[in-house]
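Visitor: got a predicted structure plus its sequence, pasted below:
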Amino acid sequence: MRNTIGFIGLGKMGLPMARHIATSDQIVVGFDTSPERLAIAREAGLTVTAGLEDLLKSSAILISSLPNDEALLSVSEQICRCAVAGSIYIDTSTVSVEASATVAEQLKRAGIAYLRCTVSGNNLMAEAAKLTVMVSGDHAAFEACKRLFRCWGEACFYLGQADQAKLMKLSINLMINLTSGMLAEALSLGQKGGLAWSDMWPVIEASAVGSPIVKAKAGALSKRDFTATFTVEQMRKDVGLVLDAGKSLNVPLGLTALAAQLLSSASASGYADEDYAAIIKVVEKASGLG
């Protein structure tokens with residue numbers, strides 16, 4: 001007999017993740033606080049509900065994709081109040097380690113297994129089921145849910161019993177953000193010295209620094225298309241979490257702090273809703289280009 005899986009948060013990441021599970025012959029019911037997102041999910045073929053409390057009571061497995069710490073803490077409180085003891089809660093949100101640890105304590109008291117299941121990749125990779133999945137928490141729950149994680153991508157890693165997955169996601173986003181900073185300076189230097197924007201990109205892709213993230217960004221950026229897969233403001237939020245983690249763990253994150261300033265400049269320059277790579281335009285302006 002199949003159990004109901006409740007999926008909370010049907011945004012640009014949550015919706016395709018929920019749909020992939022539903023198409024793997026699982027019973028999935030989605031919830032979102034936005035009527036617009038519920039309508040989009042319904043049109044996409046997902047079963048949805050506007051009643052969170054009933055969903056929490058009827059689901060053996062709960063999954064969430066949430067925007068921030070506050071949303072996670074709120075959902076966790078409701079899960080502790082309504083969900084059945086023995087159920088499993090999987091959170092895929094990018095949040096602080098501190099908030100996740102608080103949730104872990106709440107769920108432990110309620111008798112609910114907690115898996116921190118962060119994913120690396122953008123909404124296009126979510127649509128294509130090519131996310132990298134990082135999980136920590138209760139190992140028995142991980143083994144029970146491993147088949148679900150494979151719905152989101154082939155690469156799946158179990159990292160430990162606590163909040164290692166949350167910290168791993170922050171570490172990866174640190175590197176992604178610094179990659180955009182590296183590109184900003186390199187491209188500005190090349191242009192100022194007379195290299196054509198369109199000539200630099202094929203060389204960068206073919207070079208030793210042509211990493212998967214660089215190649216993924218090259219198609220759009222080589223045409224100066226800064227349409228967001230992940231916005232400046234979203235990256236600012238994540239980098240803030242990274243810096244908070246560094247402070248908590250006494251790890252100096254000087255390069256990350258500088259990159260955070262570039263993101264602030266990008267937001268102040270009107271690029272808040274563009275792709276986080278818009279920091280390239282900030283460095284260009286500072287270099288007297290354009």
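Guide: Okay, I see it. Numbering: from 1, shown residues only.
Visitor: what segments of the protein are helices?
Guide: Assigned by DSSP state H, the helices in the chain fall at 14-22, 35-43, 52-58, 69-82, 97-110, 123-127, 139-149, 164-192, 197-206, 212-221, 232-249, 254-266, 279-286.
Visitor: closest one to Ala155 among the ones you listed?
Guide: helix 139-149 (9.7 Å; C-beta to C-beta). C-beta: built from backbone N, CA, C; applies to glycine.
Visitor: spit out the contact partners of the residue lying closest to Lys130 once chain neighbours are set aside.
Guide: Leaving aside its sequence neighbours, Lys130 sits nearest to Gly153 (C-beta to C-beta, 6 or more residues apart in numbering; 5.4 Å). Shown in contact with Gly153 (C-beta atoms under 8 Å, 6 or more residues apart in numbering): 119, 121, 125, 129-133.
Visitor: before we move on, what about Ser24?
Guide: Per C-beta under 8 Å, 6+ apart, neighbours of Ser24: 147-148, 151.
Visitor: who wins for neighbours among the residues you listed?
Guide: Tallying neighbours with other C-beta atoms under 10 Å puts Leu148 at the head of the contacts of Ser24, with 23 neighbours.
Visitor: and the pLDDT at that residue?
Guide: For Leu148, the model assigns a pLDDT of 94.
Visitor: what about the closest residue to it other than its chain neighbours, distance to Ala39?
Guide: Counting by C-beta to C-beta, 6+ apart, Leu148 lies nearest to Ile21, which is 5.8 Å off, once chain neighbours are set aside. Ile21 is 20 Å from Ala39, where distance means C-beta to C-beta, to the nearest Å.
Visitor: higher neighbour count, these two?
Guide: With neighbours defined as other C-beta under 10 Å, Ile21 and Ala39 compare such that Ile21 has more, 23 against 12.
Visitor: isn't that one right next to Arg150, touching?
Guide: No. Using C-beta atoms under 8 Å, Ile21 is not in contact with Arg150; the gap is 10.1 Å.
Visitor: report the residue ranges of every domain in the chain.
Guide: The record, using automatic domain parsing to delimit domains, assigns the chain the ranges 4-162, 167-286.
Visitor: comparing the helices of the chain, which comes out most buried?
Guide: helix 14-22 (a mean of 24; mean count of other C-beta atoms under 10 Å).
Visitor: okay, the angle between that one and helix 35-43?
Guide: Inter-element angle recorded for helix 14-22 and helix 35-43: 30 degrees (by axes from the mean of the first three to the mean of the last three C-alpha atoms, to 10 degrees).
Visitor: against which helices or strands is helix 14-22 packed?
Guide: strand 4-8, strand 27-31, helix 35-43, strand 61-64, helix 123-127 (3 or more C-beta pairs under 8 Å, 6 or more residues apart in numbering; DSSP states H and E).
Visitor: quick one: the longest strand seen in the chain to chain centroid distance?
Guide: Longest strand in the chain by number of residues (criterion: DSSP state E): strand 113-120. Chain-centre distance of strand 113-120: 11 Å, with C-alpha atoms, centre = their mean, to the nearest Å.
Visitor: and that strand, which strands flank it?
Guide: Sheet pairing for strand 113-120, assigned by DSSP bridges, gives strand 88-91 (parallel), strand 132-137 (antiparallel).
Visitor: C-alpha coordinates for it, PDB please?
Guide: Provided in PDB are the C-alpha atoms of strand 113-120 (Å, rounded to 0.1, in the frame of the first residue of the first chain):
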ATOM      1  CA  ALA A 113      12.300  11.700  11.900                       C
ATOM      2  CA  TYR A 114      14.000  14.700  10.300                       C
ATOM      3  CA  LEU A 115      16.100  14.600   7.100                       C
ATOM      4  CA  ARG A 116      17.900  17.700   5.900                       C
ATOM      5  CA  CYS A 117      17.900  17.200   2.200                       C
ATOM      6  CA  THR A 118      19.500  20.100   0.300                       C
ATOM      7  CA  VAL A 119      19.900  20.200  -3.400                       C
ATOM      8  CA  SER A 120      22.400  21.800  -5.700                       C
END
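Visitor: hmm, who's touching that strand?
Guide: 13, 17, 63, 86-94, 100, 103-104, 107-108, 126, 131-138, 140-142, 145, 149, 152-153, 163-166, 168-169, 172.
Visitor: sounds good, over and out.
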